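Student: Quick one, fold the following:
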Amino acid sequence: MRAVGVNPWVWASPVDDEALAVLIPRIAAFGFDTVELPIEQPGDWDPVRTRDLLAEHGLTAAGVCAVTPPGRDLVGTAPAVVEATVAYLKGCVDSAAAVGAPCVGGPVYAAVGRTWRMTDAARTACYAEFRRAITPVADHAGERGVSIGVEPLNRYETSVVNTIGQTLEMISGLPSTVGVMIDTYHLNIEEADPYAALATAGTHIKHVQVSGTDRGAPGADHFDWRRFLTVLDGTGYDGAVCIESFTAENETIATAASIWRPLAPSQDRLALDGLNHLRGLLR
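Tutor: Coordinates of the predicted model:
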């Protein structure tokens, strides 16, 4: 059966050693198989300690989430910013390798919320700029057995890549260690046919995040989850699906993710309801 995971962002931000010490035992007790680990700032959590904590509770690391606040960019920015962002992403790769996570994923091209208009020529140049900037990260990842998942975001969060098609265009020609990270929240907003778009990602899929169409629990929404999982099976992707949502109780993350109201009776309920729905379909 396909592994089902969850991101500790459901409950806390930042996800640091203190948060993981509380949340990893709870996640294991709920019955999840794996955990997605965000790195908001280098050093938030210790990779060796986290690896041992996961093992102690019978969990694995599904992936590491790269976080791009203002000032983390690979395109349309100063060389010093690109250099610092490359260093951050290489650090994410090192942490992923240390905890046994197969992928580093996220909007690794530009800061979330940064948008600007582009002509066709400007977009072509932007994508070429991204390929040049990400290449040393891809090489670093390949040497460590880690892949890079490039995540398209919705139009309100980026203007660089909103669709799977755009993402495939941007990563064309890069090493096979670079692929696509799927997030059903953005997929539902941007793709005219989310299931057909998912099929086009095919063997390029490196990691998959799932949430309800309102960022709540998968299943408590209008998305056709059975169809989604069937199409995902057809792509050949055999990795985990990980619930990503956020708590409205933390001002920083609630503002960043536009979470203005509770999305479930409790964060525990969000995680458990999503897990139970996905498990039922996967059986």
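Student: What segments of this protein are strands?
Tutor: 4-6, 34-39, 60-66, 103-106, 147-150, 178-183, 205-210, 241-243 (DSSP state E).
Student: so which of the ones you listed gets nearest residue 125?
Tutor: Counting by CB to CB, residue 125 lies closest to strand 147-150 out of these; the figure is 17.5 Å. In short, each C-beta sits where N, CA and C put it, glycine included.
Student: Give the partner strands of the closest one in its sheet and their orientations.
Tutor: strand 103-106 (parallel), strand 178-183 (parallel) (DSSP bridges).
Student: how many other residues sit next to residue 210?
Tutor: 29 (other CB atoms under 10 Å).
Student: if we can go back for a sec, quick one: the strands of the chain as TSV, columns for distance to residue 252 too.
Tutor: Conversion of the strands of the chain to TSV gives the following (distance: least, CB to CB, whole Å):
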stretch	distance to residue 252
strand 4-6	20
strand 34-39	13
strand 60-66	15
strand 103-106	17
strand 147-150	24
strand 178-183	20
strand 205-210	20
strand 241-243	20
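Student: of all these, which lies closest to residue 119?
Tutor: So among these, strand 147-150 is nearest, using CB to CB, at 21.9 Å.
Student: which residues touch residue 6?
Tutor: Shown in contact with residue 6 (CB atoms under 8 Å, 6 or more residues apart in numbering): 27, 30, 32, 35, 36, 242, 243, 244, 271, 274, 275.
Student: what are the bridge partners for it, then?
Tutor: residue 35, residue 243.
Student: The stretch 151-283 of the chain: helices as residue ranges?
Tutor: 164-171, 184-190, 194-201, 225-235, 251-257, 267-282 (DSSP state H, counting those that start in this stretch).
Student: buried residues in the third one?
Tutor: If you call a residue buried by 16 or more other CB atoms under 10 Å, then helix 194-201 has these buried ones: 194, 195, 197, 198, 201.
Student: chain center to it, what's the gap?
Tutor: 17 Å (CA atoms, centre = their mean, to the nearest Å).
Student: swap in the second one?
Tutor: Chain-centre distance of helix 184-190: 13 Å, with CA atoms, centre = their mean.
Student: So for it, mean pLDDT?
Tutor: Confidence over helix 184-190 (mean pLDDT, whole number) is 98.
Student: what packs against that helix?
Tutor: Helix 184-190 is packed against helix 194-201, strand 205-210, with contacts defined by 3 or more CB pairs under 8 Å, 6 or more residues apart in numbering; DSSP states H and E.
Student: So for the first one, mean pLDDT?
Tutor: Same thing as helix 194-201. 98.
Student: just checking, residue 175 touches residue 143?
Tutor: No - with contact defined as CB atoms under 8 Å, residue 175 and residue 143 do not form a contacting pair (10.9 Å).
Student: Tally up the residues packed near residue 19, please.
Tutor: Residue 19 has 17 nearby residues by other CB under 10 Å.
Student: let me fix that: residue 109
Tutor: Count around residue 109 with other CB under 10 Å applied: 29.
Student: Do you know the pLDDT at residue 74?
Tutor: Per the predicted model, pLDDT is 98 at residue 74.
Student: residue contacts, it?
Tutor: Residue 74 neighbours (CB under 8 Å, 6+ apart): 82, 85, 86, 108, 109, 110, 129, 130, 133, 134.
Student: Run through the residues that contact the third one.
Tutor: Remark: with contacts taken as CB under 8 Å, 6+ apart, residue 86 is in contact with 74, 133, 136, 137.
Student: For residue 17, which of the helices of the stretch 151-283 of the chain is the nearest?
Tutor: Going by CB to CB, the one of the helices of the stretch 151-283 of the chain nearest residue 17 is helix 251-257, 17.7 Å.
Student: how far is the closest one from where the chain is centred?
Tutor: 16 Å.
Student: which outside residues touch that helix?
Tutor: Contacts for helix 251-257 (CB under 8 Å, 6+ apart): 9, 13, 69, 112, 113, 215, 246, 247, 248, 259, 260.
Student: I'd like the distance from the fifth one to residue 227, if you could.
Tutor: Residue 113 sits 31 Å away from residue 227 when distances are taken as CB to CB, to the nearest Å.
Student: before we move on, what about the first one?
Tutor: Taken as CB to CB, the spacing of residue 9 relative to residue 227 amounts to 26 Å.
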